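Undergrad: How does the following fold in three dimensions:
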Amino acid sequence: MRRQGHWDRAAWLAACAACAAAAADGQIRAIEECSPSGVVQSVAAGVVVVRDDAGTRHEVRVQAPDEQGVALADGTRVAFPAEVRVSGSFDVTKLKPGQMVRIESLLGRRGPPGGEVTEVVLLGAGDKPAIDWHAGPPAAATQAACTITAVVKQVAKGALVVECPPTAELPRVTALRFKLAAGVQGRYDVDDPGRIEAGAVVVKCRAVRLSTGDVVARSLAVRNPAAAAVASKEDEALATKYHKLSADPPPKPRDVRSAHFAFTTDLSDREAAIVLDKLERMAGMLQSYFRRPATGVVEGFVVRDLAAWANHPFEQPLGVEKIRSGAGVCFNSRLGDQRRAVLYSCADHGVIQHECMHGLCHMTFGSTGPTWLAEGVAELGNYWREGQREVDIDPVVMGFLRNAQPKRRLLEIAVPGRTDAGSWQDYAWRWALCHLLANNPNYTDRFQPLAIALMEDRPDASFESAYGSVARELSFEYDLFLRTVGNGYRADLAAWPWQDHGKARPLAVEASAKIPRVKAAAGWQATRVRVERGAAYELEATGTWRTSAAGPALTAAGDADGHGRLLAAVLRDEAGEALSLGDEFPVGAGGPFTAPDDGTLFVRCDDAWTELGDNSGELSVTVRRAAAP
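TA: Sure, this is the predicted structure:
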């Protein structure tokens, strides 16, 4: 499948340059400096939400050290590097094998290390194993002070065991065992904003408010709450896992392979191993979701530097052009029962994953299905992260989806057959539809068999046959998804409770209905009450909930700004008409209200749709039909 027009590195750099030019031209300008302080409520996709002592929320956007720019709310990227320091402590006994640590100790050419370790510093994958002798290596039968950067093998029985870094002084030693002192301290101090946790205290923040309304950090220092353990992020864990492999480019391209992939590449041994590991995990995801073993091997070329391939006889000139433009393509072919998938890709991991998902689907099912499905599923592979349920896609793509008007309609995306792959914007719409179908529990059970049938080219398979009976519901949820989606969004939590909606009944005067569980970590929830336009009702809500792991317990009245209060809206459901949701209105802890429309009353916690995942708690809500005035 050609990845035409997809957001590749060349387009990314061009966009960053355009954003920088826009800032230089005064289109985006600094309005004022500010210094938000308080406690971090949540962190998602480069946005740190801070609540100050007065209860006011501040959204601070932070550019990570390895990023080209910081993404604003509308998806625009502006180069705005930030100085970030994230510190914290953890329980040393919870360290995991493969994590990188630094310790101070005495070490000799013979015998065990001297003394006890009183502090262990957790590092990232960028550090390399080494022994740094403070005043030179020890003489025979002596020990010398040193700093040891090493990979953890295990922590057990009051001791820390690490892999011995390569050193001439200990040529035959493979592991070092250190006794841990009572009350040993574990700490970290890194520049990665991805390490910021909910509950962190903002030690210092210097930020700028832009003319767009965004607040962007110049510097940010936070202190995380003490943690039992500090887990490695996926890329960091893989880099540590393969730290023994060379990170230097090979002298010439060579072959690498795993169970489902065989490439010729000039990636370093370490990066090639990381890529293959990610791809095999992605193949596992494909197998798990579709309940079909991935078959065959995707072949091809992954190219870091085309100059290193000067004498290589590529078969596909188009593939070379894709690589040169920072993109990729997977050429799929079939002769009888024989299938072949050949990848041509730049070194970008997302591009590789996208194109290999095409190849996996072709090898496993015989085709990749109609274009909307093929590119949508491939984009799911591009953005897939193991164990991650929330949306986390390119902020530029997300900005486009959030701000594009008009939104592309559902049946304008799910077009039968093969069509032109189109632009990166077309890829965005297809991702949106496939993400909703694959992750919303109302539709995922139909999506799996439909996708298989389409990829197997079954003549009776179609989008309409699969979703025709729930067309109104799906169209409604799709429109709501496009209005509310953002990085951090959870389609499973936002799914509409159609079963409860179907049980809604009108109330007689003075009659009441109780909803015992209205969750903070969910979207709209049905009260099972049908209200009548203009009729008087009373609502009472008891209990508490939280809008973040580190936030205070709130009643249905919410905080001083109304955040976390109970909201209501009426779903209009007239026979033969499209479902529509009326304007939301606050009901808080209770009191009278007049129904603004005929329909089913729904309620939810007033929290950003992209921040539901860390909510907790629930309320008990009672709705009563009041007597007419």
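Undergrad: Which parts of the stretch 451-600 of the chain are strands?
TA: With DSSP state E, counting those that start in this stretch as the criterion, the stretch 451-600 of the chain has strands at 505-506, 512-519, 525-531, 536-546, 566-572, 580-581, 585-586, 590-594, 599-605.
Undergrad: Could you single out the most deeply buried of those?
TA: strand 599-605 (a mean of 24; mean count of other Cβ atoms under 10 Å). From N, CA and C alone the C-beta is placed, and that goes for glycine too.
Undergrad: quick revisit: between the strands of the stretch 451-600 of the chain, which one is nearest to Asp91?
TA: strand 536-546 (24.5 Å; Cβ to Cβ).
Undergrad: Strand 512-519 and that closest one, what's the angle between them?
TA: Strand 536-546 and strand 512-519 are oriented at 20 degrees to each other (axes from the mean of the first three to the mean of the last three Cα atoms, to 10 degrees).
Undergrad: Regarding the most centrally placed residue in the chain, what is its secondary structure?
TA: The residue lying closest to the centre of the chain (Cα atoms, centre = their mean) is Asp392, at 3.2 Å. Under DSSP: H, G, I helix; E, B strand; the rest coil, the three-state class of Asp392 is coil.
Undergrad: That one contacts Asn382, doesn't it?
TA: No: contact status for Asp392 versus Asn382: not in contact, 11.1 Å apart, counting by Cβ atoms under 8 Å.
Undergrad: so where's the stretch 1-150 of the chain shaky on pLDDT?
TA: Along the stretch 1-150 of the chain, segments meeting pLDDT under 70 span 1-26, 111, 125.
Undergrad: where does the protein dip in pLDDT?
TA: 1-26, 111, 125, 629.
Undergrad: quick revisit: now do the contacts for the residue nearest to the centre of the chain.
TA: Going by Cβ atoms under 8 Å, 6 or more residues apart in numbering, Asp392 touches 44-45, 383, 385, 487-488.
Undergrad: Just give the nearest non-adjacent residue to Trp431, would you?
TA: Excluding its sequence neighbours, the residue lying closest to Trp431 (Cβ to Cβ, 6 or more residues apart in numbering) is Glu379, at 3.9 Å.
Undergrad: Wasn't that neighbour part of a helix?
TA: Yes: counting by three-state DSSP, Glu379 is part of a helix.
Undergrad: Near it, how many other residues are there?
TA: Using other Cβ atoms under 10 Å, Glu379 has 26 neighbouring residues.
Undergrad: where's Glu271 relative to Val256, distance?
TA: Glu271 sits 10 Å away from Val256, going by Cβ to Cβ, to the nearest Å.
Undergrad: more crowded one of these two?
TA: Per other Cβ under 10 Å, whichever of Glu271 and Val256 has more neighbours is Glu271, with 22 against 18.
Undergrad: got the CA positions of the helix or strand where the more buried one lies in CSV?
TA: Taking DSSP states H and E as the criterion, Glu271 maps to helix 269-290. Only the C-alpha atoms of helix 269-290 are listed here, as CSV (Å, rounded to 0.1, in the frame of the first residue of the first chain):
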residue,chain,number,x,y,z
ASP,A,269,22.3,-3.4,15.4
ARG,A,270,20.6,-1.8,18.4
GLU,A,271,18.0,0.1,16.4
ALA,A,272,17.3,-2.8,14.1
ALA,A,273,16.7,-5.0,17.2
ILE,A,274,14.3,-2.4,18.6
VAL,A,275,12.4,-2.1,15.4
LEU,A,276,12.0,-5.8,15.0
ASP,A,277,10.9,-6.1,18.7
LYS,A,278,8.2,-3.4,18.1
LEU,A,279,7.0,-5.1,14.9
GLU,A,280,6.7,-8.5,16.5
ARG,A,281,4.7,-6.9,19.3
MET,A,282,2.5,-5.3,16.7
ALA,A,283,2.1,-8.7,15.0
GLY,A,284,1.0,-10.1,18.4
MET,A,285,-1.5,-7.3,18.6
LEU,A,286,-2.9,-8.2,15.2
GLN,A,287,-3.1,-11.9,16.2
SER,A,288,-4.8,-11.1,19.5
TYR,A,289,-7.4,-8.7,18.0
PHE,A,290,-8.3,-10.7,14.9
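Undergrad: Name the residues that touch it?
TA: 235, 238-239, 241-243, 245-247, 250, 256-261, 263, 265, 267, 292-294, 302, 347, 349, 352-353, 356-357, 360-361, 364, 381, 384, 386, 438, 448, 451-452.
Undergrad: Pull the distance from it to the chain's centre.
TA: With Cα atoms, centre = their mean, to the nearest Å as the basis, helix 269-290 stands 17 Å off its chain's centre.
Undergrad: That helix: which residues count as buried?
TA: Residues 269-279, 281-283, 285-287, 290 are the ones in helix 269-290 that count as buried (16 or more other Cβ atoms under 10 Å).
Undergrad: Now the element after it, going C-ward?
TA: With DSSP H and E, the next secondary element past helix 269-290 is strand 298-303.
Undergrad: so what secondary structure elements neighbour that following strand?
TA: strand 261-265, helix 317-324, strand 338-346, helix 349-365 (3 or more Cβ pairs under 8 Å, 6 or more residues apart in numbering; DSSP states H and E).
Undergrad: possible to save these as TSV with distance to Val92 and mean neighbour count?
TA: As requested, the helices and strands packed on strand 298-303 are exported to TSV (distance: least, Cβ to Cβ, whole Å; neighbours: other Cβ atoms under 10 Å):
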stretch	distance to Val92	mean neighbour count
strand 261-265	38	21
helix 317-324	46	17
strand 338-346	41	20
helix 349-365	32	25
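Undergrad: could these be laid out in JSON lines, adding distance to Lys179?
TA: Output for the helices and strands packed on strand 298-303, formatted as JSON lines (distance: least, Cβ to Cβ, whole Å):
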{"stretch": "strand 261-265", "distance to Lys179": "44"}
{"stretch": "helix 317-324", "distance to Lys179": "53"}
{"stretch": "strand 338-346", "distance to Lys179": "49"}
{"stretch": "helix 349-365", "distance to Lys179": "41"}
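Undergrad: mind checking which of those is nearest Ala182?
TA: Per Cβ to Cβ, nearest to Ala182 of the helices and strands packed on strand 298-303: helix 349-365, 43.6 Å.
Undergrad: what distance separates the closest one from the centre of its chain?
TA: Taking mean C-alpha positions (Cα atoms, centre = their mean), helix 349-365 and its chain are 20 Å apart.
Undergrad: Thanks again, I'm all set now.
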